[in-house]
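J.: Quick one: sequence and predicted model below, then my questions.
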Amino acid sequence: MQISLPWTRRESGYIAHSSSEISGRRRRLVERALGRRGRERKRMPATVYCTRKTSINCEGARRKLEQTPLQHYPQFVKLFNTSRLGFDLNATSKGRRETSDQSMMRDLMKQAYCPGSNGIWDPVLGTWVDKKVGIAAHLFPWRSADLMDSIFGIGARDELFSAVNGIFLHSAIEEAFDRGFLVIVPDTNLEPKDSAAPWEDKDERHQALKDWETTFPREYRITVFDATASTMQEVVFPKEV
């Protein structure tokens with residue numbers, strides 16, 4: 001099938017070309033693009049152009065990806081796989097948690113956070129709770145301990161059962177925290193002003209986080225991830241008036 005174009009620009013103006021001349025030019029263009037003859041010479045130049053452009057774009061994306069510092073990427077993938085918020089796979093080498101390790105961690109937390117008291121201070125509720133319902137929860141999950149050094153630096157794994165990796169929570173709150181309904185975040189506004197254009201105030205939010213990091217003590221707050229979950233609809237504590 002021959003395809004004719006009505007006009008082609010030349011220096012002297014617009015003149016007509018025959019369909020055979022145009023077809024010949026297209027055939028030569030295809031042959032130059034492919035670098036070989038044969039059945040592919042019947043391809044349209046637009047098809048050849050798109051194929052080559054796609055190949056070039058893919059190669060460029062591959063080179064850009066290789067230049068990106070992704071040394072921590074495999075560790076974060078493993079963390080997601082073993083997290084209860086991810087695939088919940090028991091793929092780490094920690095095995096069962098030793099009762100002695102957990103008891104030691106609780107004692108260290110008691111000395112650091114509640115010295116000289118029979119009760120347990122719950123920072124989320126902002127009140128003292130009975131030690132029977134005060135759970136020594138891990139901020140970084142113990143089951144993903146193999147990834148601590150890779151994510152936080154050499155030596156971080158030694159703090160797995162230390163007081164700095166623990167927080168006392170009421171058993172009901174600890175359950176919601178463990179199941180991913182609650183998350184602890186810096187007490188500063190990191191939400192974009194316009195969710196459709198988060199890049200517009202990116203620098204402002206980054207600066208707010210840097211300013212927060214210089215404060216002492218650093219303040220945190222609780223964010224609810226899934227308020228529609230049935231567990232989050234239960235009345236656990238009476239509302240204070």
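T.: Thanks, I have the structure now.
J.: Okay, domains of the protein per the record?
T.: 8-67, 97-233 (automatic domain parsing).
J.: which one of the ones you listed has the lowest average pLDDT?
T.: Among the domains of the chain, domain 8-67 carries the lowest mean pLDDT, a mean of 52.
J.: mind listing what the closest residue to Lys131 other than its chain neighbours touches?
T.: Residue nearest to Lys131 in three dimensions, not counting chain neighbours: Ile120, with 5.2 Å by C-beta to C-beta, 6 or more residues apart in numbering. Backbone N, C-alpha and C define where each C-beta goes, glycine included. For Ile120, the contact set (C-beta atoms under 8 Å, 6 or more residues apart in numbering) comprises Lys110, Cys114, Trp128, Val129, Asp130, Lys131, Val133, Gly134, Phe168.
J.: Show me just the buried residues among these.
T.: Taking 16 or more other C-beta atoms under 10 Å as the criterion, what is buried in these is Lys110, Cys114, Val129, Gly134, Phe168.
J.: which among those gets closest to Tyr220?
T.: Nearest to Tyr220 out of the buried ones among the contacts of Ile120 is Phe168 (C-beta to C-beta; 13.9 Å).
J.: all helices for the chain, in order.
T.: For the chain, the helices defined by DSSP state H cover 19-34, 45-67, 73-82, 99-113, 148-152, 171-178, 202-213, 230-233.
J.: Val129 and Ile173 touch, don't they?
T.: No: using C-beta atoms under 8 Å, Val129 makes no contact with Ile173, being 9.6 Å away.
J.: ok, Val133 - contacts?
T.: Val133 sits in contact with Ile120, His170, Ser171, Ala172, where contact means C-beta under 8 Å, 6+ apart.
J.: Most neighbours among the residues you listed, which one?
T.: Ile120 (23 neighbours; other C-beta atoms under 10 Å).
J.: State the distance from that residue to Leu209.
T.: For Ile120, the distance to Leu209 equals 31 Å [C-beta to C-beta, to the nearest Å].
J.: Near the nearest residue to Asp130 once chain neighbours are set aside, how many other residues are there?
T.: Leaving aside its sequence neighbours, Asp130 sits nearest to Gly119 (C-beta to C-beta, 6+ apart; 6.6 Å). Gly119 is flanked by 13 other residues according to other C-beta under 10 Å.
J.: Could you pull up the residues touching Gly119?
T.: The contact partners of Gly119, by C-beta under 8 Å, 6+ apart, come to Trp128, Val129, Asp130, Lys131, Gly134.
J.: Repeat the analysis, applying 10 Å as the threshold.
T.: Applying C-beta atoms under 10 Å, 6 or more residues apart in numbering, we find Gly119 in contact with Thr127, Trp128, Val129, Asp130, Lys131, Gly134, Phe168.
J.: what sits against the last one?
T.: Put plainly, it is Phe168. Phe168 neighbours (C-beta under 10 Å, 6+ apart): 106, 109-110, 113-114, 119-125, 128-129, 131, 134-137, 174.
J.: how about 8 Å then?
T.: Neighbouring residues of Phe168 by C-beta under 8 Å, 6+ apart: Met109, Tyr113, Cys114, Ile120, Trp121, Asp122, Pro123, Val129, Gly134, Ile135, Ala136, Ala137.
J.: Thanks again, I'm all set now.
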